[in-house]
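Asker: model the following, please.
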Amino acid sequence: MDCVVIREELFAYHFGACEDADRDRIDEHLVSCSDCLRFYLALKRRIESGAGEKPSKETRERLRENVGKKFKPRTTRKLTAMFQRRIPLYQGIFAVAVAACVALAAPSALRIAQSSNNAAVEPGREPRIDTARHDAKSLSIF
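Answerer: Residues are numbered from 1 along each chain as shown. From the prediction side, this is the model:
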């Protein structure tokens, strides 16, 4: 195995970016070649210590800008994704149940609101007593 080829692949080997077959091949070479092993250990120390070259300020800003453009969600993309998303069955059933409860409760709520509005409009009005019934319950005002 050629040491020059191995040394070019050591950076990817360190970060786990090479395939399994290449990794096995590099492992075998590092076990048999002490020069490449020393080179790899020096590279590893340099990477882990952070003593490597750092990108310039302009490069970092350009990289931030490019990443921001590429991955920043746009409003139209958000709205489109929201309407294209499938709604799970349980959410649909829940929405139908809520709508049914509102539809059933609406007439009673309107009737109560109208009666409270009528009482508020006519404060001196006496309560209406149902005299058509023979029960004493119909005469109960309180």
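
Asker: least trustworthy helix or strand in the protein by mean pLDDT?
Answerer: helix 75-84 (a mean of 68; mean pLDDT, DSSP states H and E).

Asker: need the next SSE after it, C-terminal direction.
Answerer: The helix or strand immediately downstream of helix 75-84 is helix 89-121, counting by DSSP states H and E.

Asker: which elements pack onto that next one?
Answerer: Packed against helix 89-121, as judged by 3 or more C-beta pairs under 8 Å, 6 or more residues apart in numbering; DSSP states H and E, are no other helices or strands. From N, CA and C alone the C-beta is placed, and that goes for glycine too.

Asker: what's the neighbour count on residue 33?
Answerer: Applying other C-beta atoms under 10 Å, we find 15 residues neighbouring residue 33.

Asker: make sure it is actually in contact with residue 5.
Answerer: No. When contacts are counted by C-beta atoms under 8 Å, residue 33 is not listed as touching residue 5 (11.7 Å).

Asker: residue ranges with poor pLDDT in the protein?
Answerer: In the prediction, the chain carries residues with pLDDT under 70 at positions 1, 51-52, 72-77, 79, 82-83, 87, 116-142.

Asker: okay, domains of it per the record?
Answerer: The chain breaks down by automatic domain parsing into domains covering 3-53, 88-120.

Asker: need those domains in CSV (columns: distance to residue 59).
Answerer: Shown next, in CSV, are the domains of the chain (distance: least, C-beta to C-beta, whole Å):
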stretch, distance to residue 59
domain 3-53, 11
domain 88-120, 45
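
Asker: return the most buried member of the ones you listed.
Answerer: Mean neighbours per residue, mean count of other C-beta atoms under 10 Å, is largest over the domains of the chain for domain 3-53, with a mean of 13.

Asker: distance of residue 60 from residue 54?
Answerer: Residue 60 is 9 Å from residue 54, where distance means C-beta to C-beta, to the nearest Å.

Asker: same thing with residue 38?
Answerer: Here the criterion is C-beta to C-beta. By it, residue 38 lies 25 Å from residue 54.

Asker: for residue 13, same thing?
Answerer: 22 Å.

Asker: and if you look at residue 6?
Answerer: 26 Å.
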